[in-house]
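Asker: give me coordinates for this.
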Amino acid sequence: MATAQRESDNQPDGDLEIEVARLVAELSMDERIGLMSGDGSFIRGTLAMSKRYNGEPIIAGEVKRLGLPGIRFTDGPRGVVMYSSTAFPVPMARGATFDPELEARIGDAIGVEARTQGANLFAGVCINLLRHPAWGRAQETYGEDTHLLGEMGAALVRGTRRHVLACVKHFAVNSMENSRLWVDVKVDERDLHDIYLPHFKRCVDEGAESVMSAYNAVNGERCGHSRRLLTEILKDQWGFDGFVMSDFTYGISNAERAANGGMDSEMPYRWRFRSLRRLVRSGRVHGSRINDAAERVVRAQLRADRRGEPDRYVLEAVAGPAHRNLAREAAARSVVLLRNEQVPDGNGSAAPVLPITSESVRSVAVIGRLAAEENIGDLGSSQVHPPEVVTILDGLRAAGVRHDIVVRHHESKSESGEAHDHHNGAIALAEECDVAVVVVGCTFRDEGEWIIRAGGDRKSLRLRSEDEELIARVARACPRTVVVLMGGSAIVTDRWHHLVPAVAMAWYPGMEGGHGVADMLFGEVDAQGRLPLTWPGSSTHLPTFKRFARKITYGPLHGYRMMEATSQTPSFPFGHGLSYAPSSWSGAQISRVVPSGPGERTITVSVVVDVHNDSDRDAVDVVQGYAAEVLGSHATALRTLRGFTRVEIPAGATVRAELEMSIPADSTEVFIGRSSAMEDLTSLSLS
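Answerer: Sure, this is the predicted structure:
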């Protein structure tokens, strides 16, 4: 059993195991088999979910006569998908905060809303590694780096499991959407263990009680059938004593292979597992495997029942003021300021376009087809139904009132195919205003879980041609043009970003996103987001990606490590993000080294650096630590993120930042800096 699970359960471990054994002993073999799937009707349930997915808890393994409530499932990961709940920014946006403490607070809020509305398991800890930015479900994960994924995922586990069980998904090597049901991913064992699995182990060590398998196959075997993944690695090597559930409906195709491979629960209903009784009677599935699955499911139910904070489970908390404020804070802190160049201010000097202040701005033109759209993410299994959504236009208008700045809007069409002439009104408005804010990017139509007529993997990493044309024309009309991008992954900007002085990435910012984005644009909070993935240029070489592949090979290189290995320079590197009050660093040094013990492959290194803020406003910086490391089948050591810390520096102050890294025992140097780019890094010798 994982240490985190022992220490955080309300009942001593031994007592829990005694209760598990007692309850399972009272179950017949048929009842134990019944624990291994969803309880509802396959046909009626499928029809209901086609109208509204997971509108109420999905129940599996309930045994009323023994008082077992069942696993009561709600999906995620941007909030509770049941009923009408708080829609937080998508995980990719939250990854951009580089702030596990904030993510744990979001997890706590999600856990409260899940428990209040009848769930005891949150299946929204999505930590699949982003290998290619075209992946349609990139928005559901935290980025391209295994360390960042592990720390943010562990924080969400830590927060949610105060109230409910935490389920981590999709295990494993899942990062293609259109072909997810059939693609076979070939991956070297070294790459699997060094690159694609460490973040899952981190979340298991943090105490996740459930793991959801992936649809795809790995090295010729479906993940939902894989004894190698589910039993040998997850349960035996990692000591996971929770339960494994299948991805919904098509997560397994053969009951015998799935059960023997280590699948504990077919979700959301019994389909393939209808044959389990026959398989047990024939001896093709041993009774001990059924008993093991039953113990795991019962153990999880007891854990859920023995934790919580009942006084907090009131309906007024769901999408209430506290959670909305948290969603707004997360939205503001996730915005990444990519560019903020100086432009003439009309008084003979120059200043950055952002933040927008009443000292130099009297009017703002809001332009672009997404400014007034409720754009909070895709329409798949992660869709949250909040009571209302604050659009970016709403947020800018409210901020304009607070700052005594006139905000004017040019209404644009929402669909593609805008004519050249339709831009003329926008151009005229931009000419009349001091600042133009152009809001463009992606929606559920372009990316997300693949459903009819929407979502899927992205066909292009560029904006629509009409959006690029609009940006160019507005930039010519208004020198102080700000482009606000929306989407779940990287956007290739090199055709136009040099035309505008300011570019910001707002992601899918959640129900309070309009307020959060405006808070950042108007300088009510510092610009503090950092890119959790590499943004390529038009000629950047990326890993192979085929939207409808039957087979594909995942190698050891992607993202910022691929940029270094192939000597490429992306448009914006991993970790990049500007601040309104740029800080300076000094005194970087290694403060402590904990040597490895016998047989250990890593050492622990602590680094300190003084971060100075000489401006008259509070600032935020993110100190990132990298080590040169060989990972997987790539033989050359490459810089790899091994630590980060977010630092708040009051105006005029100096703060000493410290971060701790676990690095290879044979390392001779480490690097600290503001991004993965070599020009942003300082090397520190360990000798």
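Asker: poorly predicted segments of the stretch 401-550 of the chain, please.
Answerer: Across the stretch 401-550 of the chain, the ranges flagged by pLDDT under 70 are 413-422.
Asker: tell me where it has helices.
Answerer: For the stretch 401-550 of the chain, applying DSSP state H, counting those that start in this stretch gives helices covering 424-432, 465-477, 513-521.
Asker: out of those, which is the most enclosed?
Answerer: helix 513-521 (a mean of 29; mean count of other Cβ atoms under 10 Å). The way it works is simple: take the backbone N, C-alpha and C, and place the C-beta from them, glycine included.
Asker: partner strands of whatever helix or strand comes next after that one and their direction?
Answerer: Following helix 513-521 in sequence order, the next helix or strand is strand 551-554 (DSSP states H and E). When sheet partners are counted by DSSP bridges, strand 551-554 sits next to strand 184-187 (parallel).
Asker: for stretch 99-111, output the C-alpha coordinates as PDB.
Answerer: Extracted C-alpha coordinates of stretch 99-111, given in PDB (Å, rounded to 0.1, in the frame of the first residue of the first chain):
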ATOM      1  CA  ASP A  99       1.600  26.400  -8.900                       C
ATOM      2  CA  PRO A 100       0.700  23.100  -7.300                       C
ATOM      3  CA  GLU A 101      -0.700  24.900  -4.200                       C
ATOM      4  CA  LEU A 102      -3.300  26.600  -6.300                       C
ATOM      5  CA  GLU A 103      -4.100  23.300  -8.000                       C
ATOM      6  CA  ALA A 104      -4.600  21.700  -4.600                       C
ATOM      7  CA  ARG A 105      -7.100  24.400  -3.700                       C
ATOM      8  CA  ILE A 106      -8.900  23.800  -7.000                       C
ATOM      9  CA  GLY A 107      -8.900  20.100  -6.200                       C
ATOM     10  CA  ASP A 108     -10.400  20.800  -2.800                       C
ATOM     11  CA  ALA A 109     -13.200  22.900  -4.300                       C
ATOM     12  CA  ILE A 110     -13.900  20.200  -6.900                       C
ATOM     13  CA  GLY A 111     -14.000  17.600  -4.200                       C
END
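Asker: what sits up against that stretch?
Answerer: With contacts defined as Cβ atoms under 8 Å, 6 or more residues apart in numbering, stretch 99-111 is touched by 76, 79-80, 86, 88, 94, 97, 122, 124, 151-152, 154-164, 166, 322-323, 326, 329-330, 333, 646.
Asker: figure out how far that stretch is from the centre of its chain.
Answerer: 12 Å (Cα atoms, centre = their mean, to the nearest Å).
Asker: how about it: buried residues?
Answerer: For stretch 99-111, a neighbour-count test (16 or more other Cβ atoms under 10 Å) marks 99, 100, 102, 103, 104, 105, 106, 107, 108, 109, 110, 111 as buried.
Asker: let me know the closest of the residues you listed to residue 546.
Answerer: Nearest to residue 546, judged by Cβ to Cβ, of the buried residues of stretch 99-111 is residue 103 at 32.4 Å.
Asker: work out the gap between stretch 170-179 and the centre of the chain.
Answerer: Worked out by Cα atoms, centre = their mean, stretch 170-179 lies 14 Å from the chain centre.
Asker: how about it as PDB, C-alpha atoms only?
Answerer: Backbone C-alpha positions of stretch 170-179 (Å, rounded to 0.1, in the frame of the first residue of the first chain) are rendered in PDB as follows:
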ATOM      1  CA  HIS A 170      -5.600   7.500 -19.100                       C
ATOM      2  CA  PHE A 171      -3.100   4.700 -18.400                       C
ATOM      3  CA  ALA A 172      -1.000   4.800 -20.600                       C
ATOM      4  CA  VAL A 173       0.600   6.600 -23.600                       C
ATOM      5  CA  ASN A 174      -2.700   8.200 -24.600                       C
ATOM      6  CA  SER A 175      -2.200  11.300 -26.700                       C
ATOM      7  CA  MET A 176      -4.100  10.900 -30.000                       C
ATOM      8  CA  GLU A 177      -7.800  11.500 -30.200                       C
ATOM      9  CA  ASN A 178      -9.200  10.600 -33.600                       C
ATOM     10  CA  SER A 179      -7.600   7.100 -33.600                       C
END
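Asker: tell me which of the helices of the stretch 401-550 of the chain lies nearest to residue 458.
Answerer: Closest approach to residue 458 among the helices of the stretch 401-550 of the chain (Cβ to Cβ): helix 465-477, 14.2 Å.
Asker: can you give me the angle the closest one makes with helix 424-432?
Answerer: 30 degrees (axes from the mean of the first three to the mean of the last three Cα atoms, to 10 degrees).
Asker: pull the residues that contact helix 465-477.
Answerer: The contact list for helix 465-477, computed with Cβ under 8 Å, 6+ apart, reads 367-369, 416-418, 420, 423, 426-428, 430-431, 436, 438, 440-441, 462-463, 481, 483, 495-496, 499-500.
Asker: between the helices of the stretch 401-550 of the chain, which gets nearest to residue 18?
Answerer: helix 513-521 (48.3 Å).
Asker: who's in contact with the closest one?
Answerer: Among residues not part of helix 513-521, those counted as contacts by Cβ under 8 Å, 6+ apart are 89, 327-335, 337, 354-356, 376, 389-396, 398-399, 437, 482, 484, 504, 506, 509-510, 524-527.
Asker: if you count contacts, what does the helix ranked longest in the chain end up packed against?
Answerer: What stands out as the longest helix in the chain, according to DSSP state H, is helix 287-305. Using 3 or more Cβ pairs under 8 Å, 6 or more residues apart in numbering; DSSP states H and E, the elements in contact with helix 287-305 are helix 13-25, helix 29-34, strand 71-75, strand 165-171, strand 243-245, helix 255-261, helix 276-282.
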